[in-house]
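Q: Kindly generate the corresponding structure for this input.
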Amino acid sequence: MYYSKHKFVFFGVIAFFLLMLGCPCMALHLPDGRPLPVEEDTIRRFEPRLVLLLTDTSEEASLQRTQLFYDELKTKFYRNRFTKQLHKLLFTKPSAGRAKRASQHKDMEYFQQFEGKVIQQLTIKKLPLFGPTVNDTTPRPTNWLKRTGNAVHFQTRDWVINKNLLFKEGESVNAEVLYDNERLLRSLSYIRDARIRITEMPDNPDAVAIEVVTQDFFPLSFSAGRAPFSSYTVGVQNNNIFGIGHRFTNEILYRSDGTPAFGYEGTYMVENVNGSFINASVMGAYTDVRRGGGFSLQRPFFTPDIRWAGGLDLQRMEQMSYVLHRDREKDTLVWHANDVLDAWMGHSIPLNNTKPHPKGREAIVLAGRALRIYNHEVPGGELYNSDFFINRKLWLGSAGWVRRRYRRDAYIFGFGRTEDVPLGALVNVTAGVEEQEQLMYYGQVNAAWGTYFEKFGYLDVRGAVGQYFGAEEQEDSRRVRSGSLSWTSALWPSGRYRFRQLLTLDYLYGDKRFDYEFVAVSSREIRGLRGVDLRGTQRLNLTIETIAFSPVQILGFRLAGFAFADYAVLNSAPALSLKGQGVQGYGLGLRVRNENLVFKTFQLRLAYYPGPGGGINISLLGRPNNIFQEFLVGRPQAQPFR
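A: This is a model prediction of the structure:
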């Protein structure tokens, strides 16, 4: 499964195949450029209208092709009573708004035409879970299952939505505020989608009426699986208890030889406490391998214009952990306990706030942080003096420049819902002092840049360099370098399908690190990989994926096929030396998701790992929802090395 020498050729061939698979415009031609001829008896005659639909690549034509497909499917199912009822239960005809989501990214221009007008009327419209969408509010639920779901769901209360609004009646329209607020509503864990619509008052051209349209997620989700130390878990989560926007997560753990055999872990969270945009949470755990609790208050820079942010975390935990070592034979299972106090505060100073911001709003952000970790129960023996259990005090400060905006899109990580893609740039300098057995100084520089190119897609580039400075031990000067590049193609329509190509290149290097600090190659780098645990101080990881979003919907669940190629190389050599152990993985699969639910995406995956010890792996699992990397200067932290 891994090699002493690089075998790029096989990986390159597969990667090229995946890139071509994601391109819907491949065609066969003769050497002189003429299309490959087709014999007459292989040609099927089509109606002129159908020929136009098949050759037209516009969004409107794509929608017509999808609707034509569903019309044909409906005709076949409606031939008898049983299949007719089955069709009503299983299939959902797409609405006109769905095909246009990916092109609706000029929201700012829409809001700017009402800039400065007085908000005379403000209303909230809450859509049912199943049936309509924020783009097309006319459809109604087509079967008893969806109607039942709408009936039992507690809609988000009006006062909950109101406390998340950044404007009110009597104020003037600010396009950037409305743009931010629409995105802010969509970021709430219980809101699936949101739109802010404006209409002029017929009796007053200088006044407008604003309608806030929201649609909830179905808040309940369930989970079951294996946990560390041979535990089994069953969990239930409610993201919107009784429609008040509170999240309650509960998990029962069982381990036959545990004391106690049954355990509990839970978290209660309130988003935006009393309109302050402070998120508060409390958690507790009592199992045979983890006991304790914690409390957190966090106020992020939730829009580019927010001046103050900060947070406070308090935690006391006793738990069983693996103390991992770069030398796998020295891995140790221990019981330890510690207290954590973590506080930070940041202030944003907007730049050029009186001018339009087509490339994003800019700000200078200053932040400070204090962190204290106290180990009050540590193992004895050789581990007593381990660097892992040294008490720490950390003081960090940062100063950065950030430019930030968002582009509205769809069919990236979601299956048609609105997705707000961060774009912008940042440069941030972090410095501070860490007190362990002696004082050490730390310095770090981060930079990031991301943009969107028409027809090419999204490009995101990031890099960081960090180092401790000391005088005696080599670990006092430990350092880290990291870089990443990610590309998400524009959406390519082809027939009734939509394609995206994803590529990520990630590099991480550490020097003079502690023995318990290392990087690894596992299932996170090579998806589905089992039985391999490579460790080192330098890693290069390349992932390529092609996604084909299908128009088919069954019980509201949407389907997407995917193919992937993963490659990683790991060593403990000097920086930028790529000689080492390489691991490859290739595969394809199917993802299934209902955007009305908070469940993870279900994924069926078939993977192949070439080389000695490799083989085929088939897995069915829940896939966590991906999130975009933001352009934020928030809580100062040392660059992670893991």
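Q: and G368, what does it touch?
A: Going by Cβ atoms under 8 Å, 6 or more residues apart in numbering, G368 touches W344, M345, G346, W395, L396, G397, S398, P636. (Each C-beta comes from the backbone N, C-alpha and C, glycine too.)
Q: any idea which element it lies in?
A: Taking DSSP states H and E as the definition, G368 sits inside strand 361-377.
Q: what about L632, helix or strand, and which?
A: Using DSSP H and E, L632 maps to neither a helix nor a strand.
Q: how close does the nearest residue to it once chain neighbours are set aside get to F111?
A: Distances taken as Cβ to Cβ, 6 or more residues apart in numbering put F301 closest to L632, at 5.9 Å, once the chain neighbours are dropped. According to Cβ to Cβ, to the nearest Å, F301 and F111 sit 21 Å apart.
Q: Those two - which one has more neighbours?
A: Neighbour count, other Cβ atoms under 10 Å: between F301 and F111, F301 has more, with 23 against 20.
Q: which regions of this protein sit below the pLDDT cut-off?
A: The chain contains residues with pLDDT under 70 at 1-74, 76-79, 81-106, 354-356, 379-387, 471-476, 612-613, 624.
Q: Scan it for its longest strand.
A: Of all the elements of type strand in the chain, the one with the most residues (DSSP state E) is strand 332-351.
Q: Identify the farthest-apart pair in the contacts of G368.
A: Comparing all pairs in the contacts of G368 by Cβ to Cβ, the longest separation belongs to G346 and W395, at 14.8 Å.
Q: between those two, who's got more neighbours?
A: Legend: neighbour count by other Cβ under 10 Å for G346 and W395, higher for G346 (25 against 16).
Q: hang on, G510 packs against Y468?
A: No. The pair G510 and Y468 does not pass the contact test of Cβ atoms under 8 Å, sitting 11.3 Å apart.
Q: out of these two, which sits in the more crowded spot?
A: Between G510 and Y468, counted using other Cβ under 10 Å, G510 has the larger neighbour count: 24 against 19.
Q: which residues touch that one?
A: By Cβ under 8 Å, 6+ apart, the residues touching G510 are R478, R479, V480, R481, E517, F518, V519, T537, Q538, F641.
Q: Swap in 7 Å and give it another go.
A: By Cβ atoms under 7 Å, 6 or more residues apart in numbering, G510 lies in contact with V480, E517, V519, T537, F641.
Q: List the ones among these that fall in helices.
A: Judged by DSSP state H, helices contain none of these.
Q: would JSON lines of the residues you listed with neighbour count and distance to D206 be doable?
A: JSON lines is the format used below for the contacts of G510 (neighbours: other Cβ atoms under 10 Å; distance: Cβ to Cβ, whole Å):
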{"residue": "V480", "neighbour count": "23", "distance to D206": "56"}
{"residue": "E517", "neighbour count": "19", "distance to D206": "62"}
{"residue": "V519", "neighbour count": "23", "distance to D206": "60"}
{"residue": "T537", "neighbour count": "22", "distance to D206": "65"}
{"residue": "F641", "neighbour count": "20", "distance to D206": "57"}
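Q: Among those, which one lies nearest to A464?
A: Ranked by distance to A464 (Cβ to Cβ), the contacts of G510 are led by V480 at 7.4 Å.
Q: List the beta-bridge partners for the closest one.
A: Bridge pairing for V480 (DSSP bridges) gives the partners G466, G510.
Q: looking at it, N338 is touching N375, isn't it?
A: Yes. Contact status for N338 versus N375: in contact at 4.7 Å, counting by Cβ atoms under 7 Å.
Q: before we move on, back to that, what's the helix or strand for the residue nearest to L632?
A: Secondary structure from DSSP H and E places F301 outside every helix and strand.
Q: That one and V402, how far apart?
A: Using Cβ to Cβ, F301 is found at 9 Å from V402.
Q: Common neighbours of those two, please.
A: Common neighbours of F301 and V402 (criterion: Cβ under 7 Å, 6+ apart): L632.
Q: about what we covered before: will you turn the contacts of G510 into CSV that also has distance to N143?
A: Formatted as CSV, those follow (distance: Cβ to Cβ, whole Å):
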residue, distance to N143
V480, 54
E517, 55
V519, 50
T537, 57
F641, 52
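Q: ok, the residues you listed vs L324, which is closest?
A: L324 lies nearest to E517 out of the contacts of G510, by Cβ to Cβ, at 9.5 Å.
Q: Next up, the contacts around that closest one.
A: The contact partners of E517, taken as Cβ under 7 Å, 6+ apart, are G510, F641.
Q: quick one: it from M317, how far?
A: Going from E517 to M317 by Cβ to Cβ gives 21 Å.
Q: now do P219
A: From P219 to M317 the distance is 28 Å (Cβ to Cβ).
Q: neighbour count winner among the two?
A: Using other Cβ under 10 Å, the more surrounded residue of P219 and M317 is P219, with 24 against 17.
Q: wait, doesn't the more buried one sit right on N239?
A: Yes. P219 lies in contact with N239 (Cβ under 7 Å); the separation is 4.2 Å.
Q: what's the overlap in contacts for the two?
A: Common neighbours of P219 and N239, using Cβ under 7 Å, 6+ apart, are Y190, V598.
Q: can you map out the helices along the stretch 51-200 of the chain?
A: 59-77, 81-90, 107-112, 144-152, 158-162, 175-187 (DSSP state H, counting those that start in this stretch).
Q: Which one of the contacts of G510 is nearest to I244?
A: For the contacts of G510, the nearest to I244 is F641 (40.8 Å; Cβ to Cβ).
Q: re the thing from before, out of the contacts of G510, which is nearest to N596?
A: Closest to N596, out of all of those and judged by Cβ to Cβ, is V519, at 38.7 Å.
Q: so which strand or helix has L423?
A: Using DSSP H and E, L423 sits in strand 419-435.
Q: Can you give the distance from that strand to the centre of its chain?
A: Its chain's average C-alpha position is 18 Å from that of strand 419-435, according to Cα atoms, centre = their mean, to the nearest Å.
Q: list the helices and strands that strand packs on?
A: Using 3 or more Cβ pairs under 7 Å, 6 or more residues apart in numbering; DSSP states H and E, the elements in contact with strand 419-435 are strand 392-409, strand 439-453.
Q: thinking again about what came up before, now do the strand holding G368 and strand 419-435, the angle between them.
A: Strand 361-377 runs at 50 degrees relative to strand 419-435, counting by axes from the mean of the first three to the mean of the last three Cα atoms, to 10 degrees.
Q: Tell me the spacing between P202 and R316.
A: Using Cβ to Cβ, we find P202 at a distance of 61 Å from R316.
Q: okay, these two: which has more neighbours?
A: Comparing P202 with R316 by neighbour count (other Cβ under 10 Å), the higher total belongs to R316, at 16 against 8.
Q: Okay, and the more buried one sits in which element?
A: Per DSSP H and E: strand 308-323 holds R316.
Q: Show me the contact partners of that strand.
A: Residues contacting strand 308-323 (Cβ under 7 Å, 6+ apart): 229, 289-301, 331-347, 377, 383, 386, 388, 516, 634-635.
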